[in-house]
Every structure is written in C-alpha cells, then in structure tokens.
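Engineer: Kindly generate the corresponding structure for this input.
(2 chains)
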Amino acid sequence: MKTNGLDPRISKLVDQIAGDLGLDPHADALLRQELADHFEDAVNEYRGECMLEDEATRRAIQAFGSAGNVRRAFRRTYLEVYVMTSIGKILYSKPMIWASMLLASLVALVFVIWGGAGVYQLTKLPPSPTAWHDADSTPLFMVAFAVPMLILFVGTIVQWVRTKELPNKLVIWTAGLMVFLFILADLAVK
Amino acid sequence: MKELVKGNTTTIILALLKSEPMYGYQIVKELNERHMDVMQMNQGTIYPLLHSLERQGLVVSEVRKAGVNRTRKYYRLTASGEKVLAGSIRQWRSFSTALDSLIGRPA
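Structural biologist: A predicted model of the protein is given here:
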C-alpha cells in the first residue's frame, strides 16, 4: 500500500538515504522529491515493459543500487553541512544555551559594575570646562567600553527570546558604537 | 573498465550536460543507451555526484514542472563547468594520444 504516493519500500529507501544528512528542511524536501521522481520514472519505464507494478518497483530498487552507498556518498558531499549541523545541535542544546547565558550574565555584570564605577568617577569631576581634560581618562574609556557591551548583552537576550537567532547586525552596530565612544572619550581628554 | 569509468564520472556527466539540461533519470538512461556495456553504473550514484558538482559550482539545478503534479530537477552546466570539462577533455586527449603511441595503434 502506498504512503504519500510512494511504495513503502521506496519510501523507506528514500528515508534511509536522505535521513539525517544535516540539510535544512527545504533542501531535505528537494532531495526527497528528486529521489521520489527518480523512482516514479524508473517504475513507469519498467511498467512500460509490461511488468506488474510490484515487479517494476523491485527492479527499480535493484537498479538504483545500495542505499547505504548512496547515503555515504551524500554524507561525503554534505560533510561540512552535517558537521556544522551536529556542532550546532550541541551548541544550541538547552544546557549549552543556559551555560552560555550564565557566563554572559557574569561577564555583563562585571562590565556593568566597571562601567558604573566609571560613571561614578565622572560624576565626581568638578563642573569646569577643563576638568575633563585634566582628569584621568580611564573612567571615560570604561564607560565607552561598558555601555556597548551592556547594549549587546541586553539586545542578545531580547533577540534570542524573540527569534532564537543571534543578533549579528547588533554586534556590528555595537562595535561601531564602541569605536565612536572611544573616539569621543579620547577627544574629551585631549 | 569499471575503474576507468569511476575515475572519469565527472567528465562523463559534464559532457552529457553540455548538450542540454537533464534530470537525473534522463542522465542514467542516456548513459545506458549510448554505452550499454561500458558506462553501466548503479543509478543511485548519479545523485550524490550531481549534488557534489552543484556544490562545486560546476552545474546548477532548477525544478521544473513535468506534467500534472509532477516535477523534475534539471541540471545544466555553468561557465565553470564548461571550463573544467574543456580541461578534462584536453587531458584525456593528451593521455589517450600518449597511450596510443606507447602501445601502438591496432592494425
């Protein structure tokens, strides 16, 4: 009895070949469809030679060759995809995500304290035009570094909660902001 | 002979695709019809090879409708594929010329 229009033997063979290659759902579906199309063509050809469907299916499967060999060949072709997907499965597993978030939180806490200390020191400066030039520049640079890191950390949490994706653009923007703030801090103390 | 075919499968596939875009089963049939005894290979081996060629940029694929509720994935040669094929053909001709001169042409 056919499932999804495919003979169960063919369906099983397609699963055996295409299963767990690490492909994204679209590529996986395309591959399965391509293999299904092959068997449809092959079975139709054998039926055109007056074979019964069961025999035509058997011949088509036989002519296709070893599913294991084909699967191994696909695995070699998509090796880096499979490896990255496997690494991704480990990196994006729940324990790893929680461990990464905890570590990032600790680092962010250090930056917040450090940046806070910098802000505190800046507030201690007398309100005079030359005070910033005369003062130690360290607090300014602490703030210049800590503020973008805090934005990046909060943005990462928010983006992850919303979309489960890393905020690649935010990384670029905060790097730019950090450079800008560093230049400002440097100009302020010169 | 099997080893010869195995070692030149890429060239064989690229040469077939040079004439027209083809889908996997069509390539298999073409090989069987043109060179019955020589180019026989398990049909399934075509597909990982085609995917590999696509990842190398030597061919590109597109899915086309082929009747009611039917699709076929066609492959065609890219410019890179044509260059590689031309190089392979040059190499093969040099090799076969050298081999012919070594073993002596048949009478």
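Engineer: Tally up the residues packed near residue B:81, please.
Structural biologist: Neighbourhood size, residue B:81 [other Cβ atoms under 10 Å in any protein chain shown]: 23. (Glycine included, C-beta is placed from N, CA and C.)
Engineer: Strands of chain B, start to end?
Structural biologist: Remark: strands assigned in chain B by DSSP state E are B:22-23, B:59-65, B:71-77.
Engineer: Redo the ones you listed as a markdown table? Include mean neighbour count, mean pLDDT and distance to residue A:114.
Structural biologist: Shown next, in a markdown table, are those (neighbours: other Cβ atoms under 10 Å in any protein chain shown; pLDDT from 0 to 100; distance: least, Cβ to Cβ, whole Å):
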| stretch | mean neighbour count | mean pLDDT | distance to residue A:114 |
| --- | --- | --- | --- |
| strand B:22-23 | 21 | 94 | 62 |
| strand B:59-65 | 15 | 92 | 52 |
| strand B:71-77 | 20 | 93 | 56 |
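Engineer: quick one, what contacts residue A:47?
Structural biologist: Contacts for residue A:47 were tallied using Cβ atoms under 8 Å, 6 or more residues apart in numbering or on different chains; they are A:53, A:56.
Engineer: In which helix or strand does it reside?
Structural biologist: Using DSSP states H and E, residue A:47 sits in helix A:25-48.
Engineer: Export only the CA atoms of that helix, formatted as CSV.
Structural biologist: What follows is helix A:25-48, C-alpha atoms only, in CSV (Å, rounded to 0.1, in the frame of the first residue of the first chain):
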residue,chain,number,x,y,z
PRO,A,25,14.1,21.4,5.7
HIS,A,26,13.9,22.9,2.2
ALA,A,27,17.0,21.1,0.9
ASP,A,28,15.9,17.9,2.6
ALA,A,29,12.4,18.1,0.9
LEU,A,30,14.0,18.8,-2.5
LEU,A,31,16.3,15.8,-2.2
ARG,A,32,13.5,13.5,-1.2
GLN,A,33,11.4,14.8,-4.1
GLU,A,34,14.2,14.2,-6.5
LEU,A,35,14.7,10.6,-5.3
ALA,A,36,10.9,10.0,-5.4
ASP,A,37,10.8,11.4,-9.0
HIS,A,38,13.6,9.0,-10.0
PHE,A,39,11.7,6.0,-8.7
GLU,A,40,8.5,7.2,-10.4
ASP,A,41,10.3,7.4,-13.7
ALA,A,42,12.0,4.1,-13.2
VAL,A,43,8.9,2.2,-12.2
ASN,A,44,6.9,3.8,-15.1
GLU,A,45,9.6,2.6,-17.5
TYR,A,46,9.6,-0.9,-16.2
ARG,A,47,5.8,-0.9,-16.3
GLY,A,48,6.1,0.2,-19.9
